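[1] My questions are about this predicted structure, shown below with the sequence.
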Amino acid sequence: MQTFPHPTSLCVFRKRLGEEGGAIIECEVFETLRRAGVISGDDALIDSTVLESDIIYPNDVRLIYKAFEKMRAFAKLHGIPLKHDDKVLRRLWREFGLDKKGSRAKQLTVFNEKFIPALKIFQVKVGSLRASD
């Protein structure tokens, strides 16, 4: 870390390159990573310090909500009826997104109380599917 550039040096370097220079370097880095098989065509590496808007980081509530989405997609593909109510989940997700006071633990508890029983039922239904050879 002793040889790592000082943050102000990085700012000066960015300003000197400009947007166009930064885009050229970014393009070359991405192409090299794609050719090496490190990333696929739809992956992106982003320096969040230069973004104009906030980034939404994955959190436990988001992961549970995404798990419900994946269960829904799998169930639809295999004709499995689901027991959970999508309208309720969307409402809960909207409430979580609007909750700026940070009661994340409360929201996580609410989603978890819906998820655990839904997952158990889903597990039974998937277990009853006929698997191919």
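    Thanks, I have the structure now.

[2] you'd agree residue 14 is up against residue 20?
    No - counting by C-beta atoms under 8 Å, residue 20 is not a contact partner of residue 14; they are 12.0 Å apart. All C-beta atoms are positioned from the backbone trio N, CA, C, and that covers glycine.

[3] Neighbour count: these two, which is higher?
    Neighbour count, other C-beta atoms under 10 Å: between residue 14 and residue 20, residue 14 has more, with 15 against 7.

[4] Distance check, that one against residue 73.
    41 Å (C-beta to C-beta, to the nearest Å).

[5] Could you do residue 109 as well?
    When distance is defined by C-beta to C-beta, residue 109 is 25 Å away from residue 73.

[6] Can you say which helix or strand has residue 90 in it?
    According to DSSP states H and E, residue 90 maps onto helix 86-98.

[7] neighbouring contacts of stretch 93-109?
    In this structure, residues lying in contact with stretch 93-109 by C-beta atoms under 8 Å, 6 or more residues apart in numbering are 59, 60, 61, 64, 65, 92, 111.

[8] Looking at the residues you listed, which has the smallest pLDDT value?
    Looking at the contacts of stretch 93-109 by pLDDT, the weakest one is residue 59, with 66.

[9] From the recorded domain assignment, give the ranges for the chain.
    If you go by automatic domain parsing, the domain ranges for the chain are 7-50, 60-127.

[10] highest average neighbour count across those?
    domain 60-127 (a mean of 14; mean count of other C-beta atoms under 10 Å).

[11] Alright, that wraps it up for me.
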